[in-house]
Structure formats: C-alpha cells, structure tokens
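Test case, fold it:
(3 chains)
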Amino acid sequence: MNEAAWFDEARLTEAAADIGGELHALVSRLYPICRSITGAGVRDTLAILSEHVDIAVREVPSGTQVFDWTVPQEWTVRDAYICSASGKRVVDFARSNLHLVSYSAPVARRMPLSELRPHIHTLPDQPDLIPYRTSYYSRDWGFCMAHRDYLALEEGEYDVLIDSTLADGTLTYGEVFLPGATEREVLLTAHICHPSLANDNCSGLAVLTLLARVLAGRRNRFGYRFLFAPGTIGALCWLSGNEGRLDRIDHGLVVSCVGDGGGPVYKRSRRGDATIDRVMEAVRCAGRKATMLDFSPYGYDERQFCSPGFDLPVGLLQRSAFGTFPEYHTSADDLAFVRPEHLASSFRMIMDVVDVLETDWRPLNLSPKGEPQLGRRGLYSATGGHKTTSDITMAYLWVLNLADGGNSLLDMARRSGLPFSDIAHAAMRLRECGLLGEAQI
Amino acid sequence: MNEAAWFDEARLTEAAADIGGELHALVSRLYPICRSITGAGVRDTLAILSEHVDIAVREVPSGTQVFDWTVPQEWTVRDAYICSASGKRVVDFARSNLHLVSYSAPVARRMPLSELRPHIHTLPDQPDLIPYRTSYYSRDWGFCMAHRDYLALEEGEYDVLIDSTLADGTLTYGEVFLPGATEREVLLTAHICHPSLANDNCSGLAVLTLLARVLAGRRNRFGYRFLFAPGTIGALCWLSGNEGRLDRIDHGLVVSCVGDGGGPVYKRSRRGDATIDRVMEAVRCAGRKATMLDFSPYGYDERQFCSPGFDLPVGLLQRSAFGTFPEYHTSADDLAFVRPEHLASSFRMIMDVVDVLETDWRPLNLSPKGEPQLGRRGLYSATGGHKTTSDITMAYLWVLNLADGGNSLLDMARRSGLPFSDIAHAAMRLRECGLLGEAQI
Amino acid sequence: MNEAAWFDEARLTEAAADIGGELHALVSRLYPICRSITGAGVRDTLAILSEHVDIAVREVPSGTQVFDWTVPQEWTVRDAYICSASGKRVVDFARSNLHLVSYSAPVARRMPLSELRPHIHTLPDQPDLIPYRTSYYSRDWGFCMAHRDYLALEEGEYDVLIDSTLADGTLTYGEVFLPGATEREVLLTAHICHPSLANDNCSGLAVLTLLARVLAGRRNRFGYRFLFAPGTIGALCWLSGNEGRLDRIDHGLVVSCVGDGGGPVYKRSRRGDATIDRVMEAVRCAGRKATMLDFSPYGYDERQFCSPGFDLPVGLLQRSAFGTFPEYHTSADDLAFVRPEHLASSFRMIMDVVDVLETDWRPLNLSPKGEPQLGRRGLYSATGGHKTTSDITMAYLWVLNLADGGNSLLDMARRSGLPFSDIAHAAMRLRECGLLGEAQI
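Next up is the predicted model:
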C-alpha cells in the first residue's frame, strides 16, 4: 500500500473543488478548433494541452504503412461555403466547422441545386441541428446543415467553394509518459480528431490532460501513459510504433463523452474480466455505480486496442454512451451541453480508478479467530441493540472477515458491495491498530 | 466451410416459399389415420411418408425384450361405439378415432350406464372437446367424449362394442438414413403413435419428412438419421437395435407440435451444454429466439435418448410446449389449428439448425493487429459520423474481433447476439477478401 | 441411507402435531427472565431448558482471555427505577427488564432531568415501544422507555436507582452433545443473552431444546452439538475451548427469531457453497422456500464461526431477518408476537434439515438404458394422455434420470426443484423395486 497516496488524495479532494471550472475553461478553448484526423487542428489542440502538461508531439508521414492501413494525406481547410445566386452564403464554414464534411476534397464551382443536393447531409428528425459527418477514406466532399434550412433552399444555381488541400504531410498525435516506481503501465487515451463537439471529445481531452498534471505531481506505482490521437489511424500509429512494449500495459481506459450528466457507462475490455473491468465495478461517479456493458467491437479506439492481435486490457469509460444521447454528433454537443460539475465528477471517478490501481493491497487479519474486539479500539458503537450498523462499521467487519490473504481490497469491495474508498480507509485504520498485516504473495 | 451449402440455401429459400402449403397438405393426409403404438395405422402413415423419401420400415415382433420392456401385441380396431337402447350411436369411433381409448381391449356387451361410466373420459373444463387417452400397458377399454354430450346421456342400458384385436404381431417404425461425408450423425425424430391430432404429431412427421427430402438432394458433412417411431417403446426398440452405433450421434432433436404459431420452445438435452443446445440459441423461428428450458425427464422420446445409460446430446423442439396449449391432446388439435405458415417457419428453423451444423467453422483473422481497413474493400460505410451502424457491419467487426482461432461461427453468434446466418455470411465475405483463414485445430 | 430415519420421521410428524403448543409454552417460561451476557439470568434459563434435555453447564471465570477478548465481570441486578419528586416510579425495571440498559453500572442519585436525559433511550418513530439497548463493553448506565412517556416527563429532580453489581464471577453457557454413529458433527446454536424478547431469542432456545430432545431419542449418523451461549463472548469461549476439535464440524446453523410468521430467510456461510448452504435450498418452511442471502459479517454468532481463522460451514436461519421487522429489539417482541404454528413450522424445517443430512445418499440406476417400465411396478399412471403428471411421478423420473452415480439425493432435489422429501421417498420406493443400488464412492 502506497500510504503517500492517501495523503495526496486528501490534498487532491481539496484541489478538485475547483477542477470543474478549470476543466470547462479548457474545453471552451478546445471547442472552436477545426480538428480532423490530420492537419493543423490537432497540432493547435496539442499546443493548448501542452500548457498544462509536457506533451511529446509525434508526426507520422503521409503514406506510412501501419498494419493494414496507410497514413492519409494532411488536410488543410481555409474556407468553405455555399453561396446563392443573390450572393448570400446559405452555408458558411466560418459559422460552424460542422458545416463542412470533414476531410472534404476541394471544390470551386457553380452548380444547380439538383447537383448539390447529394452532397448535403441533414437530420430530418432533428431539423434545427447540424450533423457531424466525415469522409476520411473515400475522396468526396459535402456540407452539413440544419434540415429546416435545407428545406428553405430555393432552386437555382449556387456557388460552391471548398478551399481545402489534401497533400502529403504528417499525422500528428500527442503522448505523455509519467514514469512510475515499476515498469508496469496504465494507458489513458482520448481521441483528438473531432471538430466542434464539446462532449465528444473536448471533454475527454480536458479531463485526461488535467489528470496527467495531477499525476505528474506525485510518486506513482504505475507509469501513466496518456495518448491524444486521431481515432483509428492515430491509435494504429501508436500501436505500430510501440508494438514491442505493449506487454507493459496492465490496465487501460479509453475516455470520451465525459462532460454530460448521464451514466457513467463502462464497456468492458474484450477479456471481460480484466482488473480494469473489476475496478470499474468498485468506483462510482457522483455516487452512482457505472452501467456495465460487455465488450462489443464498435465504438472508439478500444476497437484497436482490443483487436485479437493485441487484446489489451482496455475498456471504454463514458458518461452517456455514444449514439444514445440526442446531442451526439450534432451541433447541440456544444459548450452548454457539458457542465463543470459533470466534468469534475468524471475527473474524480478516473482519479478514484487510479487510486484503486495505486493503493490496492492484500491484507492479512492478525487476529483471525473470531472478531477482534473493535469496541476497545474505538471502532465499534459503545451502545448495542440498534437495528442496523453504519457503513464504516460494515467496512471494518468485511475487511477483517475477508483478510485471509486471498482477497485484495478490490476483491473486498466487490464482495461487500461497499465503495473501494470505504474499504481502503477501513483497512488503513485496522492496520494502524495492529489488526492487519500485508499478505505475502 | 462447405461453400456448396450456401448456394443450396439460396435455392432452398426459394423452394421454401411454397413449403408451407405442401407441409399442410401432408399433415392433412396423415391426420385421419388411427395410429397407435402398434398396428396398421403406423404402417399406413409410413406408406404416405414414403412417397416423399425412401423409408426403411422396421418390424419388431411382439414379445421382443427391449431393455426393461417387452414389445406389446399388435392392436387392430375395426369398429367401436356406444349405442343407446333406442339404437342411436351416442359415441362412434367412425366419427373420430379419439372417441376410443387407444389400445382398448375388445368388448361387446349391453350394460347399464352406471357400469359404463367409469370407462368414459371427458374434460369438464373443456366441455365441447373430446380428450385423447391411452391404455397401453394396462389391459383396459374406454371411450372419450365431450363432457356436454356425456351429461346428456340418459340412464338406461347401452350396447357397447369395441371390435378390436390384441394379438401377437409386430411393432413398426420407419428410418431414413442419408449418409454424409463423415461418419458423424445427426438424429432427427418424431413420434408416430398419436391418432387424429394434427399438431401432435402429424406436424413433426411432415416437417421431418420434407426436410429429409431436401437433405437427400445435397451433399452433407453429417449423416442424417430420421426416425419415425412410436413413443417410448419405439424409441427403445431403435436404441436397442443400434446400441453399438450410438457414439456416432453428435447432435439430435426430437420434433413435435411444430404446426401452431407459438414458441419456439426448446428443451435442452440432459447435458445442458451440448452443441445442439448452443445451436438452438443461435437460430430463430419467424424472427423469434427460442424460449430455452432446462432438461426435465418428462416429455417425448428425449426421455429415452437422455436416460443415464445413453445420455445422448438430444433436445426437444416445439412451437408451443406440450401440455401448455388448450388444444393439446383434444379434438381441437385439428387441421385448422396447424397453419401452413407455421409449418413453414418451423421447417426453416430446423433447416437453419442443419445449416449451422453443416457450415460452422473456426476462422482466423489474418490481419489481427487493429481492424483491417474495411472501407477500401467496400465493407464499411464511406461516410462516417452516424449514430449506429448496420447489423452487417457489426457482423464483420464481430467476426474479425473474435477470429483468434478460439471461436467458431457459432461461438461468435452467441457472443454477438447476431443471427448465425449474419455471422456466416460476414465470415464468407471476409474470407473472400483474404482477411480470414481457417484455424487449425 | 438410514432407513430407520424414515420410520422415525413418520413417528415424529405425528408427535409434531402438538409441538407448537409445547414450544410456545417453553418460550413463555423463558420470556420473563432478565438475561444478559453474564449472570443469573443465563443460569435460570439453562435450568429450565435442562428439564427437557441433559445440558452441560460451563462456567468461564471473569478475566479469562479468549482470543482478542477478556471475559467480563458478572452482572447482577436487583432493582432499577426512575422516581419523580412526587414519589412516582416513572420507569420501573420490575415492570419490564427492557427498561434497563443491559449491563448498567450501579447508580443511586437524585439528579435533574437535564442530567438524566442523555441516559434515556427511546424510539421516536415507534413512540409506544420500549427499545432494547446494551452497554456491555463500555461502563455506562441507562434506561429505555416509550418515547410517548419520555415526552411526558416533567422538568425537575428525579431519584435514579440502579441496584446492580459488576463483580468477578463467571460467564455461563450450556452445551448438549448427542453422539452419532460417526465422529462427524453438526453444530446447532442459539444465543441466550437477550432479556424479555420472545422471538429474539426465546424462540431459538425453545426450538433447539426440543429438537435435541427428539434427536436424543434416536440413532443418528452425525453427532449433534447444541450450544446455548451468550452472543459473541459466549461463542468465543466455546470456540476457544474446542479449538482442537473444530474440524469435526461438517455442518452448522445459528438459529434465531424463529417464532414469527415471516421468511424463512437463510444467510449462507462464508464459504457460500457449503453442504448446509445447499441443504437450505432444498427444504421448505410452511411450504415456502427460504430467501437465500449471501454471507455478510453482521448478525449473530455466524460472525465468529465464519471468521477467517475458523471459516466453519455455519449459516444463519431465521424466519423474519433481524432488523427488518418492526418488533425487532423492542417491547413488541413479546409472547403475542410469536405463535405456536410458526414455532412448529420452524421446528419441522430444522428437523427436515437434519433428515437431509442424515438420509442423503447417492443412488445408481440399475436399469439405466431408457426408462424402466414403471407402470408394471405400479409407479406410473395406467391411463396416458393427461396434460401433466404428478409430483411423485416426476420424482421417480428425476431420480432415475440423475442416478448415474454422480448425484446425491440433495443434488437431485436441487436440479429438479422438488422437495428433498419427495426425492428421498421416490428413491426409497425405486430401491425397493430393485431399480436402484447405492453408488460406490
């Protein structure tokens, strides 16, 4: 048990009181940037994150082979609009970068509406919202707009401009590594390729960045590796460049959509019973246990980390699960949708995950025959006969009962149904009383 | 993987469009026959089934010992009635063979109603229906009638005639064997001993007969053994005569009551985790998954196949489970109760079971590090950002993710919750793209 | 299989017809006594129980070390009251021993109500009931009273008297051991330290005492050890004195609160899959299966028996679970709350547990190929065709089907969902018919 961590935690709790505001401010700075899987948006984003923690920026040249994929060209966009014959910009990239299908090839042409229509994406069921669409691996171009505005388009000719460039360059990702006391590592990763979508995934980028800042300030048992990479191709680049070192990763989390008030929802690793999967059962977010979903191969970069050739113990943590909330991948995923208090509770939840990983240990009851007399140690109510007992007393009793050397604190939290933190505090007190030792493995 | 099977399936689907009508026509021809555990009814039934597929008819002499049982005498019935003093036939076997308790001994005597009453069976809760009753192993006689008619019987004398014979002869059963590419066998069996009950089990006889006809027309991996035998004693005769060859049976199904619109309901084999039990979780009937019941030793001939001395991997497939529908074992189980569309969907379900058994294989992902790029192979949507993905894309992703050599297609269907056919088609496409090989076992 | 037991059971069932009345009468004699963890109350209680069965009374001197504990002083109380200035005894121990906090130190002093208040315990939510409170391991004193009476107390001076003694003496517990044919033992235990609370635990003391009387009158496979000891410290004294012999205990039950009409509720042993845990799934109380709870380290003396240094296979049997019924630990847990019929059904349930332990065996089907012909042995309905079959027929079929040598009667009861007694009777009949032998282990 890392006792220093407990001290740190107290300090952190205090520090976290304002973390919500700081997280939301960081999200707000990231939100306007037009990110894609390549290009300046990712670099601009990493530059902002680097103000909080030291980030190594990696550049992978276009054309590089990574497993079954090829790193695509770098995308640069300067302007994009649809302009009516009367000169009105009916769609304008400058107003929202969601208006442009991400990775759109350049276009500069007048065309009738009939020719333009197949290139326009809308949401008929959510007529006021702009959808988010991409065309990364199929050369194409398009615009996204509110269905209500689309219906108002008049027949006729339109000037269509996409002033973009697709050219050889690099794919960019960022990496932070905080060495630990051991060579074992924890991987924490967030995708960095979505444009102005606050929850998906400015929230994940902000939470992990400030978490890295906190962890950089303390001694840890594990090394912590933070990855801010474009979805799929970015994760594959990292996997390709680190293939020989993947066996150091004991635990991992993909983090996305952690700024809304739903969930938490946790999708287990492909293994299904990895330690990280069991840890996620023992921590809570804003007092709530996570909804546990079994692994499925659709989602974020857990798809790559959990592919059969790697099968890493990496799960996905979200508040509301992707695809299930109406704001998902629309212009409604904005700065009002994510809230400081939700960002803060997500931050604390992941901090709790880290604390479980850092502080779990295997106690041994030194007075295992019958219960030790807790009352004379001030750990038990002096008056008897009450209908129930407190959670803290239950934590003492559970720890003592299960401390046969075969159960870690995490095992105890699962069997008792009590929060890991209650179990950990009870074990610390019992150890201070001389009632527990540490089991030899 | 037997690729021929996939081609066949397409052909079969087309052929199956009219299978419902053909099945119902066959049920209609079987329905009027007075079957019992021995006698001409079974032979007449097998003669009709033989018009569709080549059936070996087996005759086992009365008195033959089979395990703890003795093959009973052959029963022949020519006429049976209860006639009032005024000469009116108040119960007449000629109107419905359910009126006579199956296997009734001969009687020809005038008797008062008081003496006759104990020999009359009715259903007070279903007063318009004639029940089905038997007295196979206890020499007795009796009549079955609608409770309403029973209450209308006037006191007085009645002429009671059962012109039947119980004499040494044979027990008859039919067997079809379709050799496969291997020596492994699938057993498909339906009881042939019930008289005019359409669902129980003219439906099972018809479905398995036409299934045999289809399977006879194609090359199969497994040998298929169809058994049409009287309940209990018929199954025991077959088991006794084939004791040395039972270890060839890898999978088996008892099929009954497959013409109504309920269910499907599947009762697992005694083993509970046999392959056939897992297959039944992965196929559907009319779009519905089967209700899975654990084995219990009451029902049809799975009782014999799953006795501890054999413990074969044989389950029971039904639409509505026996004993649970009001028409069960009454005159309401008639030709209107079974419907062509239900017979057809049951037929297709068992055909799907066969296809799982024939076509299951164990794929190996040849590009297991990360997901392969499906988009450039036309297997993934070109536009990204949608809330959900299609079932067919999910099938590709699941197959690739689980294709580590440890999972068969059936395993993949179970874990993904997708239909086996979706998984099988996805695996075929991925194999064609060079992304899958076959795992060596 | 102990066939004598079956004969005994028939005799016992008859005898049990009046057991409810006898149990309630015994509860009524125990109820008025002021018990505590030490003192005359325990000895007076054991004296009454000794009228029914031979009890060894053990005395453990104050100051004896037992594991982490010290045996406390002996408590004697002669009188206790709170008397108003006008001379009225507003609280009087003579009216209910619940009025005095158990183990209260002596007091004899006039004091203002303001000084007295912190020593008075009430139940604001149940204002007419007196709570039960103790202060065993923290030297203190106090009174318990109805909240309604507490609110009526007028300001002013009160004479407070607790004429009690805390002095070196002994802790008392009682033990009954009935030797069995083998050295293996069953432990049955009830706490004896609660004062006038009828359900908690005069009921447990009465039920186990009369059970001991019955078991003393027959030959048993197991030795039966009954323990009537004060909670926690009494159990620890017994464990300490028998540490070298604990490995003889194959099964155990803590019994409390068995006189009300709720439940039954069974809390599993710490092991969770001990034989006693499986037995409790197979027996019923008043026709009801027990609600099965997982072990938790709060409750009665299962806390000590299941501490990690012992980890004995001991569960807790109750009707209503402690802490869940409104009468719990209040003056409403009186002689009207416990009923003869509930005491009798609890008694029979534990008797059934004993019968399972005594009579379980592992049958082997001697006719395992197919079902044997039960009809000619009179074990199957002569007329066939009914919708369902009887429980007794199902018991025959289940026993035959599972009698492959790998299943005990208890295993069969679990898998079939039938009561153990039905399975046991069916196995006995089948054995008499020569269809079952006993499996060699």
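
Counting neighbours, what do you get for residue A:244?
For residue A:244, the count of nearby residues is 7 (other CB atoms under 10 Å in any protein chain shown). To be clear about C-beta, it is placed using only N, CA and C from the backbone, and glycine gets the same treatment.

helix, strand or coil for it?
Three-state assignment for residue A:244 (DSSP: H, G, I helix; E, B strand; the rest coil): helix.

Chain C versus that one, what's the distance?
Residue A:244 is 43 Å from chain C, where distance means CB to the nearest CB, to the nearest Å.

got it, and residue A:178?
For residue A:178, the distance to chain C equals 37 Å [CB to the nearest CB].

where do the helices sit along chain A?
Here chain A has its helices, by DSSP state H, at A:3-16, A:19-30, A:40-49, A:113-116, A:147-151, A:203-216, A:233-241, A:275-282, A:302-305, A:340-359, A:391-402, A:409-416, A:420-432.

Quick one, which of the ones you listed gets closest to chain C.
When the helices of chain A are compared by CB to the nearest CB, helix A:391-402 sits nearest chain C, at 4.0 Å.

What residues sit buried inside that closest one?
Neighbour counts using 16 or more other CB atoms under 10 Å in any protein chain shown place A:393-402 of helix A:391-402 among the buried residues.

Number of residues surrounding residue A:334?
Using other CB under 10 Å, residue A:334 is surrounded by 15 other residues.

Dead centre of chain A: give me the residue that sits there.
Centroid-nearest residue in chain A: residue A:255, 1.3 Å away (criterion: CA atoms, centre = their mean).

Provide a list of residues in contact with the residue of chain A at minimum distance from chain B.
Of all residues in chain A, residue A:309 sits closest to chain B, with a separation of 3.3 Å (CB to the nearest CB). Shown in contact with residue A:309 (CB atoms under 8 Å, 6 or more residues apart in numbering or on different chains): B:365, B:368-370.

Show me the domain layout of chain A.
The record's domain parsing of chain A by automatic domain parsing lists A:3-71+A:170-359, A:75-167, A:363-438.

Reformat the ones you listed as JSON lines; add mean pLDDT.
Shown next, in JSON lines, are the domains of chain A (pLDDT from 0 to 100):
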{"stretch": "domain A:3-71+A:170-359", "mean pLDDT": "94"}
{"stretch": "domain A:75-167", "mean pLDDT": "96"}
{"stretch": "domain A:363-438", "mean pLDDT": "94"}
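
Among the helices of chain A, show me which one is buried the most.
Highest mean neighbour count of the helices of chain A: helix A:302-305, a mean of 26 (counted as mean count of other CB atoms under 10 Å in any protein chain shown).

Now do that helix: which elements does it pack against?
Judged by 3 or more CB pairs under 8 Å, 6 or more residues apart in numbering or on different chains; DSSP states H and E, helix A:302-305 is in contact with helix A:233-241, strand A:249-255, strand A:314-318.

Take the ones you listed and write them to JSON lines, including distance to residue C:75.
As requested, those are exported to JSON lines (distance: least, CB to CB, whole Å):
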{"stretch": "helix A:233-241", "distance to residue C:75": "70"}
{"stretch": "strand A:249-255", "distance to residue C:75": "55"}
{"stretch": "strand A:314-318", "distance to residue C:75": "56"}
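
Looking at the ones you listed, which is nearest to residue A:22?
The closest of the helices and strands packed on helix A:302-305 to residue A:22 is strand A:249-255. By CB to CB, the value is 17.0 Å.

Any part of the closest one near chain B?
No - under the criterion of CB under 8 Å from any CB of the partner chain, strand A:249-255 makes no contact with chain B; the nearest approach is 14.0 Å.

One more: stretch A:168-175?
No - Stretch A:168-175 is not in contact with chain B by CB under 8 Å from any CB; minimum separation 14.5 Å.

hang on, residue A:48 packs against residue A:28?
No - under the criterion of CB atoms under 8 Å, residue A:48 makes no contact with residue A:28, lying 10.6 Å away.

quick revisit: what sits against the residue nearest to the centre of chain A?
Contacts of residue A:255 by CB under 8 Å, 6+ apart are A:188-190, A:204, A:207-208, A:316-318, A:350.

how about the nearest residue to it, chain neighbours excluded?
With sequence-adjacent residues excluded and distances taken as CB to CB, 6 or more residues apart in numbering or on different chains, residue A:255 is closest to residue A:204, at 4.3 Å.

Of all the helices and strands packed on helix A:302-305, which one comes closest to residue C:428?
strand A:314-318 (54.3 Å).

Name the strands paired with the closest one and say parallel or antiparallel.
strand A:249-255 (parallel), strand A:265-267 (antiparallel) (DSSP bridges).

orientation of the first one relative to helix A:203-216 in degrees?
If I follow you right, that is strand A:249-255. 140 degrees (axes from the mean of the first three to the mean of the last three CA atoms, to 10 degrees).

Would you mind getting the angle between strand A:249-255 and helix A:275-282?
Going by the same axes, to 10 degrees, strand A:249-255 makes 50 degrees with helix A:275-282.

What is the burial count for the spatially closest residue to residue A:400 that is not a sequence neighbour?
Of all residues not flanking residue A:400 in the chain, residue A:365 sits nearest, at 5.4 Å (CB to CB, 6+ apart). Look at residue A:365: counted by other CB under 10 Å, it has 23 neighbours.

which residues does residue A:365 contact?
By CB under 8 Å, 6+ apart, the neighbours of residue A:365 are A:400-401, A:403-404, A:435-436, C:307-309.

swap in residue A:145?
A:90-91, A:99, A:120-122, A:130 are the contacts of residue A:145 under CB under 8 Å, 6+ apart.

Using a markdown table, please lay out those residues together with distance to residue C:333 and neighbour count.
Shown next, in a markdown table, are these (distance: CB to CB, whole Å; neighbours: other CB atoms under 10 Å in any protein chain shown):
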| residue | distance to residue C:333 | neighbour count |
| --- | --- | --- |
| A:90 | 79 | 17 |
| A:91 | 77 | 25 |
| A:99 | 73 | 23 |
| A:120 | 75 | 18 |
| A:121 | 71 | 21 |
| A:122 | 70 | 19 |
| A:130 | 67 | 26 |
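
what's stretch A:372-384 in contact with?
Under CB under 8 Å, 6+ apart, the answer for stretch A:372-384 is A:389-390, A:393, A:396, A:400, A:429-430, A:433, A:435, C:67-69, C:101, C:121, C:133-138, C:140, C:142.
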